[in-house]
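Engineer: need coordinates for the below:
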Amino acid sequence: MDSSNTSQTTSEPSCPASASLSDEQVSRLAHTPNFAPLTSSGKQICDVKRLTIRVHDDRTGPVRAFLHVPQDYLREKVERCEKTAAILLSGADGGLVGPSSMYPSIADKMASLVRGIPVMRLDYRYPANTNYCVPDVLAAMEYLENKYVISRFVLVGWSFGGALVSTVGGSDKRVVGCAMVASQLAETAGIKTMAPRSLLLMHGTDDRTMRYSCSQELYEDYGEDGEKELKLFEGDDHVLTEHSTEAEELLCDFIMKCAGVDIEFEKPKLMQNDLRDDEER
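Structural biologist: Numbers count the residues shown, from 1 in each chain. From the prediction side, this is the model:
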């Protein structure tokens, strides 16, 4: 396979992403804008913490993130049991919202469950460069492990983020599930050692940025020793514009399953509602 439409990786570090956000930007990015389905269900909205996480490598500067934490999540309640968190990773340009701005909605939903799942939306210091983005992910895992007693992780990566999911998920035993949305093919050799961790692949068949054969090849490279699923959305694009609500629900189900959450009990009707506004889709 030639390299066209299979990679967004760069070998040279880009300019570092700015860690400075205005108060208005923080407020806008913290939660999904439509809280009504959550509040009307009687649920408490999760807490959102704005973080800057130190990364120990040869590049200065922290990586920024938003962490969605269940309101009743206390350290003493989880020290005696394994706890799972999800980390959501965006594409080559970085950012905190993911394809069709579904990441804030996923994070709010997961952390607002009765048995809430902490979710981190992680940016990159140097977008599109795995040499520095992989350490970003590992630093985030270390932070959650030390501060929140997290021992198991579900990684979700869109486009370039799929390379990070594959690299970390193929080698780190703390990872229990990997979801890759419209993933690139370059730098995904870790897919061959990912099993038996669960794998979910999603891709639009009219993706002009990253052709859907990337996900088909990743599905085959994963092998037959674990649970895997490939979902193709007919005629959809790189951000799954036409099927974003369905894609979001599949990702929520995948995260809950990997976390050992009883989906039938925990998944109320609000999980099927779109918490994004029209401008975000």
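Engineer: is the spatially closest residue to K228 that is not a sequence neighbour in a helix, a strand, or coil?
Structural biologist: Leaving out its chain neighbours, the residue that sits closest to K228 by CB to CB, 6 or more residues apart in numbering is L199, at 4.3 Å. Heads up, the C-betas are built off the backbone N, CA and C, glycines and all. Following DSSP: H, G, I helix; E, B strand; the rest coil, we place L199 in the strand state.
Engineer: contact partners for L199?
Structural biologist: 177-180, 191, 219, 222, 226-229 (CB atoms under 8 Å, 6 or more residues apart in numbering).
Engineer: cutoff 10 Å now
Structural biologist: Contacts for L199 (CB atoms under 10 Å, 6 or more residues apart in numbering) come out as 165-166, 169, 177-180, 191, 218-219, 222-223, 226-230, 254.
Engineer: the residues you listed, buried ones only, as a ChimeraX selection?
Structural biologist: Selection of buried members from these for ChimeraX, criterion 16 or more other CB atoms under 10 Å:
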select :165,166,169,177,178,179,180,191,218,219,222,228,230,254
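Engineer: could you give the bridge partners of the residue nearest to K228?
Structural biologist: For L199, the beta-bridge partners are C178, K228 (DSSP bridges).
Engineer: could you report the distance from it to G260?
Structural biologist: 17 Å (CB to CB, to the nearest Å).
Engineer: then K49?
Structural biologist: When CB to CB is applied, the distance between K49 and G260 equals 24 Å.
Engineer: secondary structure element for P104, which one?
Structural biologist: Element membership of P104, judged by DSSP states H and E, is helix 103-111.
Engineer: can you tell me the average pLDDT over that helix?
Structural biologist: Computed over helix 103-111, the mean pLDDT rounds to 93.
Engineer: who does the helix or strand following it touch, helix- and strand-wise?
Structural biologist: Following helix 103-111 in sequence order, the next helix or strand is strand 119-122 (DSSP H and E). Using 3 or more CB pairs under 10 Å, 6 or more residues apart in numbering; DSSP states H and E as the contact test, the elements touching strand 119-122 are strand 47-53, strand 63-69, strand 84-89, helix 103-111, helix 130-148, strand 152-158.
Engineer: count of residues packed around E224?
Structural biologist: For E224, the count of nearby residues is 7 (other CB atoms under 10 Å).
Engineer: check contacts around the closest residue in space to S244 that isn't next to it in sequence.
Structural biologist: Leaving out its chain neighbours, the residue that sits closest to S244 by CB to CB, 6+ apart is S100, at 3.8 Å. Counting by CB under 10 Å, 6+ apart, S100 touches 158, 181, 237-245, 247-248, 276, 280-281.
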